[in-house]
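> got a predicted model here, sequence first, then my questions.
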Amino acid sequence: MEAVRSQRKSLANDVVSTLPLYRSAPALEVRLEDFELFAMDRLRVLKGISDGLSRGKKPKEMDNLVRDLWKANMMHPQASEVVNKDIISHFVLRLVYCRTALMAEFGLSYKAVSNSEFESIKDKLGQVAKSISQPLPTADVIFYKVPFEEVPELVAGRRVFIHKGNAYIAANQVVSLVATQFRSHLSKALSLTNRKWTSTLREQEKDRLAPIVEALSTSYLGPDYSQPKGFSEISVKDIDELAKSSFPLCMRHLFEKLREDHHLKHGGRMQLGLFLKMHVAMNLFDTFVLDTLSETGSLGINSHGTVWGVGLNLDDALLFWKAEFSQKVGAERFDKEYAYSIRHNYGREGKRTDYTPYSCQKIISSTPGVGDHHGCPYRHFSEENLRAALSKMGVNSRGMEDVMDKVQNRHYQLACTLTFEAVHGSSCDSGINHPNQYFSDSQKILQSKNHSTV
Amino acid sequence: MTREEVETGMDEMEIDGGEQREGNAVPEGFNANYLKVYYGKLFPHADMFKWMSYGNDGKHPGCDQSYFVRREFSFTLGNDIYLRFLSFNSASELENSIKEKCPVKIDIGPVYSVDPAKRRAYAQTGDNVFTPVERELIFDIDMTDYDDVRYCCSGADVCLDCWPLMTIAIKVLDTALRDDFGFNHILWAYSGRRGVHCWVCDEKARRLTNEQRAAIADYFRVYKVGNENSHKKVSLTGLALHPFLARSYTEVLRNFFETKLLSSQNLFSSEERYEKILDMIPDESVTSELRGKWQENRRSSISKDDINVARWEQLKHLLQSGKHKGQGLRRCIEEIVFSYTYPRLDMEVSKHMNHLLKAPFCVHPKTGRVCVPIDPNQCEDFDPTTVPTLSKLLEELNMGGVKADADNDWDRTSLGKSVRIFRSTFLQPLLKSCKEEIESAYSSKLQQSKNSISW
Ligand SMILES: [Zn+2]
């Protein structure tokens, strides 16, 4: 994608034929004005969704909201322009948010089947369509080529043509598959964009695109999403500080035990490991893509529409755990016995599902045994230990009694919320539902404090 | 089992192996003493180790030295003692253990996250890390599942009249595994008695999740499930056959049905048999017309052609004729052919990573036949009745005299051909691509660690 000043080629003939999976930046020339305008429009949609979510709208209401927002901001009198605007704005925002999103993860790619390839397998695709009583594919139906492993349900039902390990899926079959793929793909793409931006583009574009990108990232959605250090590299050594300032008690406890014992049992490794794992929840983007991709419109919106997670990618997670465990069991045993399960958590081994961090519900309902340190401290600690831990976190005696009161009434998440409020000195209206939410909310507060004191 | 036990068992079988050998004639049968010789001189230990190492036994820094030891083996000993979760550190450990324990059956399980022999130690640390991480995609096809469509034999017996059912299974699955799923390293082996085993060994096959395995197994499934006749009912719905089924039908099933099974199984030769086929046609007018012809035809019995072929042609003709051209009835012909020919898989074996499967080159204790590899490109020539037996191999070994060079013992017997098939059609190309994969994975890992990690 190239930005040009004011003069433009007609985009109409260059409509990007790939549906918005945003795999690669389109080879389009974009007017500088559009560059910014399109991105602003998309941000308005995002902001609207974000507001809707925070006001607790139901999935059905959100569906309507998303559709209205999309209509209001992303439409264009020319149909071809809608697609281009969608794609351009996506990539501009990617450029903007790569600077703040925490990212890595491998992407998985969908390849749109080219016209010539389509012609060569058209008969087979038609056969499949007939076999499942679907209308025959025409040249304007886009087919994607994906490794058959990614679409097991379509394979099992013989609802796709499979050749040499690739399944050819029709656009209307994509919907059920895109969500997970897109997220991991986007997070990787963000990382690449980030690298490119900081290594070359930012300097090259310092008089042209850079100010726009800077402005977009700070002015609209506000400082919440930007990092105080600008493009920052959080490293393993920062975790100690983050643990003190922003980890919920359950994670802080695990973290301290790990530093102390250089070991955690399975339950603890899972709970802490997944919490630390980088987890870019790009659900808002997903929702757009899915909504525009399909006319089904029945997609629920995930309630966490923000970028959260502490952000240890796999390599660093391995480094981090190894640094501790090897002090206890030796590096070799770590490599042999523990590295696997960490890779497993990151979806690189075994089932290869990408495990998501545990929610409060899951942690509260866990049953830690002797020698285990996972679970919810508000539920699983003795009163004495809990009081000690809370005062170490800096909860004053009045706050302490409030917390203990909730604990006695078994409102563990409320107890955690009160702790959050006591520690941060600000309210937490949404309540704590997830350790990663605790972390990201904490970071937002701390960062806005930093900004205001500067 | 100790050495003493082996020898006691031998006595009970009243066979004095040592002396019988003099005249080259080795009595039929299967016993621990023969097995000892087989494992000592003929079993291709090194090939098995090479296979199960998938290139990780090399010197390349990308090799996973812990790979082979994480593989589960299990031995069935002569007295029905079943040893699971065995693991071996090296080729020689595996070979020595096989020679010492002399298992009547060797099963191969998955590669686990940790050494399966030490799984208890891991369990005690409270870690749930003992879990299968790799396993070949396997298929098990057993002739007993075809008893309702073969009239020559039943149960554990097989003959050249029904064996084509296995040939069909190999052809259909092998083509689909390669052309559809893109796998390249596929080993077919005779199960030693009444079926075939398939091992798909590509790296991506070994790493399939249970869900993905189940998806592939379901891709191959055409039989309705849910009742005791689950194998009999083939249901082909839709306006066309899926390309995989269509190809299987036109390239394999129809041909085998019409040129082989129709006559060899005498599928239309009696009322009972053709009624079974007429049952699959949901149109009373068609079935009664055919029934009328065939009952009359039996009385006159003037047909010089094979009665099965003639009746099949009549059936087809009637179903394809103008007045019955409805799609539902045309699909009938295909459903009949599928019912009598399409591969019947033991789905559970394929769906789960932790299913065990008998290793090739084992000797079947009931038949004494070696589980030899089958070249899928020559599977039509495979004859289960001429597969080398343990006693035949020992005889050949005795005839040749004992050479000092033990490596070539199998080459002096009819097992030589099987080992060569194993190597040339399977092992060598497999190890070549394993080597390439290890090298490229290693270099991309290096590349990755060079790139800075951004947060
Ligand atoms: Zn037979």
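Looks like it came in fine.
> pretty sure residue B:107 belongs to a strand, no?
Yes - under DSSP: H, G, I helix; E, B strand; the rest coil, residue B:107 falls within a strand.
> okay, and for the stretch 151-300 of chain B, where does confidence drop off?
Across the stretch 151-300 of chain B, the ranges flagged by pLDDT under 70 are B:224-232, B:297-300.
> so the residue lying closest to residue B:86 once chain neighbours are set aside, which of the three states?
Counting by C-beta to C-beta, 6 or more residues apart in numbering or on different chains, residue B:86 lies nearest to residue B:73, which is 4.5 Å off, once chain neighbours are set aside. All C-beta spots, glycine's among them, are computed from the backbone N, C-alpha and C. Here residue B:73 is recorded as strand under three-state DSSP.
> okay but residue B:73 is in contact with residue B:87, surely?
Yes - applying C-beta atoms under 8 Å, one finds residue B:73 in contact with residue B:87, separated by 6.8 Å.
> and residue B:295, how many neighbours does it have?
By other C-beta atoms under 10 Å in any protein chain shown, 11 other residues sit near residue B:295.
> so in chain A, where's the weakest helix or strand by average pLDDT?
helix A:283-293 (a mean of 33; mean pLDDT, DSSP states H and E).
> OK, contacts around whichever residue of chain A sits closest to chain B?
Using C-beta to the nearest C-beta, residue A:165 is the residue of chain A that sits closest to chain B, at 2.8 Å. Neighbouring residues of residue A:165 by C-beta atoms under 8 Å, 6 or more residues apart in numbering or on different chains: A:147, A:148, B:181, B:182, B:183, B:204.
> break the chain into its domains for me.
Assuming you mean chain A. Domain segmentation of chain A under the TED database yields A:32-101+A:184-217, A:111-180, A:238-281+A:307-452.
> if you could check chain B rather than the one you did, that'd help
According to the TED database, the ranges for chain B are B:32-223+B:345-448, B:243-341.
> what is the burial count for the residue of chain A found nearest the ion?
In chain A, the residue that lies nearest the ion is residue A:158 (31.0 Å; C-beta to the ion). Per other C-beta under 10 Å, the neighbour tally for residue A:158 reads 22.
> same question, the one 10 residues further on
Other residues near residue A:168 number 24, with proximity taken as other C-beta under 10 Å.
> kindly report the same for residue B:198.
25.
> quick one: it and the ion, what's the gap?
Distance, residue B:198 to the ion, using C-beta to the ion, to the nearest Å: 21 Å.
> strands along chain B, start to end?
Under the criterion DSSP state E, strands of chain B are mapped to B:71-76, B:82-86, B:105-112, B:132-134, B:137-142, B:186-190, B:195-200, B:357-358, B:373-374.
> of all these, which one is nearest residue B:283?
strand B:137-142 (32.6 Å; C-beta to C-beta).
> packing partners for the closest one?
helix B:164-175, strand B:195-200, helix B:347-351 (3 or more C-beta pairs under 8 Å, 6 or more residues apart in numbering or on different chains; DSSP states H and E).
> which residues touch residue B:364?
So residue B:364 contacts B:30, B:191, B:192, B:193, B:370, B:371 (C-beta under 8 Å, 6+ apart).
> surely the fourth one is in contact with residue B:369?
Meaning residue B:193. Yes - using C-beta under 8 Å, residue B:193 makes contact with residue B:369 at a distance of 7.1 Å.
> the two - which one has more neighbours?
Neighbour count, other C-beta under 10 Å: between residue B:193 and residue B:369, residue B:369 has more, with 23 against 19.
> report how many residues lie close to residue B:296.
Residues near residue B:296, counting by other C-beta under 10 Å: 9.
> measure it to residue B:289 for me?
Distance check for residue B:296 against residue B:289: by C-beta to C-beta, to the nearest Å, it reads 11 Å.
> and the residue nearest to residue B:86, what's its pLDDT?
Per-residue pLDDT puts residue B:73 at 97.
> tell me the mean pLDDT over the helix or strand that comes right after the least confident helix or strand of chain A?
The element immediately downstream of helix A:283-293 (helix or strand, assigned by DSSP states H and E) is helix A:314-329. Mean per-residue pLDDT for helix A:314-329: 76.
> so what does helix A:314-329 touch, helix or strand wise?
Helix A:314-329 packs on helix A:249-261, helix A:266-276, helix A:339-345, going by 3+ C-beta pairs under 8 Å, 6+ apart.
> ok, 7 Å please
Secondary-structure packing of helix A:314-329 (3 or more C-beta pairs under 7 Å, 6 or more residues apart in numbering or on different chains; DSSP states H and E): helix A:249-261, helix A:339-345.
> report the separation between the residue nearest to residue B:412 when sequence neighbours are not counted and residue B:152.
Nearest residue to residue B:412, sequence neighbours excluded (C-beta to C-beta, 6+ apart): residue B:400, at 4.0 Å. Distance of residue B:400 to residue B:152, computed by C-beta to C-beta: 36 Å.
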